[in-house]
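Asks: show me the folded form of this:
(one chain, ligands or ions: 1)
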Amino acid sequence: MPKTVITYGTYDLLHIGHINLLQRARALGDRLIVALSTDEFNSNMKNKRCIQPYEERKIILESLMFVDLVIPEENWEQKVDDVRKYNVDVFVIGDDWAGKFDFLKNACEVVYLPRTKGISTTERKLEIVRRAE
Ligand code: C2G
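Replies: Predicted structure coming up:
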């Protein structure tokens, strides 16, 4: 059975911090699933207003050679079901979430990876606005 890794996120305006996370996550197994936050989940639950709609963010992630499958992330509660449904061995996410998903340790390995310093979608957006002035 291939060793399956899963990670979750919004992945708006894909940048090097996202790529670094995805590459390291993929390297922990044989296939990587990305649960991508839907537009509704982002606006209703995560208080995030994406620049790129879900379909666009999905296509961009699916084009990456180290992403094997993209599924929708629609709520906070789906992780345990996802781990079971996709036979996930490793749950991975950036360490800005450290400790928040330890409840998954009953179902799979949980790995928090160091975030890439100095970049975020928010900072990227602000930089674009600054340069447009
Ligand atoms: N990330 C990173 N370094 C950065 C920015 C982001 O390693 N400079 C990581 C985050 O830690 C996360 C992934 O890239 O693991 C995606 O980042 P976001 O799209 O901001 O994800 P987030 O909104 O934190 O969603 O249920 C979990 C949530 O959906 C996570």
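Asks: just want the residue of the chain that's nearest the ligand.
Replies: Gly94 (1.7 Å; C-beta to the nearest ligand atom). All C-beta atoms are positioned from the backbone trio N, CA, C, and that covers glycine.
Asks: residues near that residue, how many?
Replies: Here the number of neighbours of Gly94 (other C-beta atoms under 10 Å) works out to 19.
Asks: residues in the protein within reach of the ligand, list them.
Replies: Within reach of the ligand by C-beta under 6 Å from any ligand atom, the chain has these residues: 7-11, 17-18, 21, 37, 73, 93-94, 96, 115-116, 119-120.
Asks: which of the residues you listed fall in strands?
Replies: Using DSSP state E, 7-9, 37, 73, 93-94 are the members of those that sit in strands.
Asks: which two among those are spaced furthest apart?
Replies: Glu73 and Gly94 (14.7 Å; C-beta to C-beta).
Asks: quick one: contacts for Leu104?
Replies: Applying C-beta atoms under 8 Å, 6 or more residues apart in numbering, we find Leu104 in contact with 79-80, 83, 91, 110.
Asks: let's see which of these end up in strands.
Replies: Counting by DSSP E, the contacts of Leu104 contribute 91, 110 to strands.
Asks: residues contacting the closest residue to Gln52 other than its chain neighbours?
Replies: In this structure, Gln52 finds its nearest non-sequential neighbour in Asp12, 5.5 Å apart by C-beta to C-beta, 6 or more residues apart in numbering. Taking C-beta under 8 Å, 6+ apart, we find Asp12 in contact with 48, 50-52, 57, 121.
Asks: before we move on, what about Leu13?
Replies: Counting by C-beta under 8 Å, 6+ apart, Leu13 has contacts 51-52, 121, 124-125.
Asks: neighbours of the nearest residue to it once chain neighbours are set aside, how many?
Replies: Of all residues not flanking Leu13 in the chain, Thr121 sits nearest, at 5.0 Å (C-beta to C-beta, 6+ apart). Neighbourhood size, Thr121 [other C-beta under 10 Å]: 19.
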